[in-house]
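Engineer: predicted structure and sequence below. I'll ask about it afterward.
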Amino acid sequence: MADRKVVLVTGGGRGIGAACVVLAAQAGWDVAFTYAGNAARAAETEAAARKHGARVLALRADVGDARMVAASFAAVDAEFGRLDGLVNNAGITGPKATLAESTDEIWERVLRVNVIGAVACCREALKRLPQGGAIVNVSSRAAGIGGGGEWVHYAASKGAMDTLTIGLAKEAAAQGVRVNAVSPGLIDTELHAAAGMPDRVTRMAGAVPLARGGTPEEVAEAVVWLLSDSARYVTGANIHVSGGR
């Protein structure tokens, strides 16, 4: 349908990003999404979104590479001819390490993807988004907790995302674009296993006031709401989807 809005979700092949892709499609959006390398999971996400009648464009891209970011937005231009929303979801934790154990390479890679990549996506989006467009940054409660003993590098990158959201919301308001963030807490995704802690959600659930880990879909519901016209007077906000943690 020609009147369907278009959203680009970075890191949309699996986890929270995939849930955002599918829920946005269900809510009436056409969707483009990037994925880093797991083509099989990306294909599953694409198929699930298409079941809701959406046009879907899957793009293999590393958001830490500025050329790939630019190419992804150009592909959205070519396929859809418009962009109405951006979900900055792509991110990595890096390995579990204390600050003393961490290396410059860990910090550089995490900040390259989580901060510089997100900034590059915002920059490209702002060239295209119309009045009423929206950016949603997927941050983390790690920004407030600090990540001590696990991944201070990741927490610091998400702290930068929180500050980016506040500052960009003030700048982008002049062109009628809203910028908000969602900060997931302990969410049951593959992120934990990728960082070498596959049992982390089960092990830490007792520290969550609601006594469980969250689901990617619960985070996606907040993201898609922030994209929608129902949130038209919300900008500069950061919604904690964390079970009280």
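Structural biologist: Done, it's in.
Engineer: name the helix or strand of this structure that has the lowest mean pLDDT.
Structural biologist: helix 191-194 (a mean of 64; mean pLDDT, DSSP states H and E).
Engineer: show me where the chain has its helices.
Structural biologist: 15-26, 39-50, 66-80, 104-111, 118-126, 142-145, 152-172, 191-194, 200-204, 216-227 (DSSP state H).
Engineer: the last one: how far from the chain's middle?
Structural biologist: It refers to helix 216-227. 10 Å (Cα atoms, centre = their mean, to the nearest Å).
Engineer: send me that helix as CSV with only the CA atoms.
Structural biologist: Extracted C-alpha coordinates of helix 216-227, given in CSV (Å, rounded to 0.1, in the frame of the first residue of the first chain):
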residue,chain,number,x,y,z
PRO,A,216,12.0,-8.9,23.2
GLU,A,217,8.3,-8.4,22.3
GLU,A,218,7.8,-6.4,25.5
VAL,A,219,10.6,-4.0,24.5
ALA,A,220,9.3,-3.8,20.9
GLU,A,221,5.9,-2.7,22.2
ALA,A,222,7.5,0.4,23.7
VAL,A,223,9.6,1.1,20.6
VAL,A,224,6.6,0.9,18.2
TRP,A,225,4.5,3.1,20.5
LEU,A,226,7.2,5.7,20.4
LEU,A,227,7.3,5.5,16.6
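Engineer: what's near enough to touch the most centrally placed residue in the chain?
Structural biologist: Centroid check for the chain by Cα atoms, centre = their mean gives N89 as the closest residue, at 1.4 Å. The contact partners of N89, by Cβ atoms under 8 Å, 6 or more residues apart in numbering, come to 9-12, 16-17, 20, 138, 223. Where C-beta positions appear, they are placed from N, C-alpha and C, glycine not excepted.
Engineer: also L99?
Structural biologist: Here L99 is in contact with 152-153 (criterion: Cβ under 8 Å, 6+ apart).
Engineer: begin at 4 from now on, thanks
Structural biologist: Taking 4 as the first residue, the last one we looked at is L102.
Engineer: in the chain, where is pLDDT below threshold?
Structural biologist: Low-confidence segments of the chain (pLDDT under 70): 4-5, 194-200.
Engineer: as a quick check, tell me the outermost residue of it.
Structural biologist: Distance to centre of the chain, Cα atoms, centre = their mean, peaks at A103 (28.3 Å).
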